[in-house]
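J.: sequence below, structure please.
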Amino acid sequence: MEQNPVFERATRFLSALRHCQVLAMSVHSASKDGITLMLPYSPQIVGNPQTGVIHGGALTSLMDTACGMATLCVLPEFEVCPTLDLRVDYMHPAEPGKSVYGFAQCYRVTTDVIFTRGFAYQDDPEHPVAHVVGTFMRMGKGIKGSKGFAGAIKGEQP
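T.: Below is the predicted model:
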């Protein structure tokens, strides 16, 4: 089977983020063209117990993470890239009982900022639950205090 270094780096990155572990997110696909994460449906992320609809905060977390991780698809080496701005437009509630997928891609990379866009969907990417745009600050490869985190993303042993 052919190895996909972007998928492997994304999987390591996701496993280092505690909130993603708690939400049980996983990498569905990753390539130079973008990344898709999966947020499984669970009672813990329901916002309205009467309808079973997923809380908007869980969807925002999915899309912020997907957009932030899309930077892994375009940068040759891991860089710390915190969120500068994120806009999520909700199209309709996610259907209860179904996982949600979050796709994101980088459409412009500058020296200081990376611009991303994407969408969340369930069964059909042509029928999105939400659209997202985000910007992320490039802080570089050599941020003090990030060696352990960056090393984990690169697959280095502590």
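J.: going by C-alpha atoms from here, please, whenever you check contacts or count neighbours.
T.: OK.
J.: who's in contact with the residue nearest to S42 when sequence neighbours are not counted?
T.: The shortest distance from S42 to any non-neighbouring residue, by C-alpha to C-alpha, 6 or more residues apart in numbering, is to G97 (7.5 Å). Residues in contact with G97 (C-alpha atoms under 8 Å, 6 or more residues apart in numbering) are Y41, S42, G52.
J.: and G97, what pLDDT?
T.: G97 carries a pLDDT value of 96.
J.: could you look up the SS state of it?
T.: coil (DSSP: H, G, I helix; E, B strand; the rest coil).
J.: against D124, how distant is it?
T.: Using C-alpha to C-alpha, to the nearest Å, we find G97 at a distance of 15 Å from D124.
J.: what about the strands in the protein?
T.: Ranges of strands in the chain, per DSSP state E, are 26-31, 34-39, 46-48, 53-54, 83-90, 100-109, 113-121, 130-137.
J.: helices or strands next to the last one in the packing?
T.: Going back to what we said before, that points to strand 130-137. Packing partners of strand 130-137 (3 or more C-alpha pairs under 8 Å, 6 or more residues apart in numbering; DSSP states H and E): helix 56-74, strand 83-90, strand 113-121.
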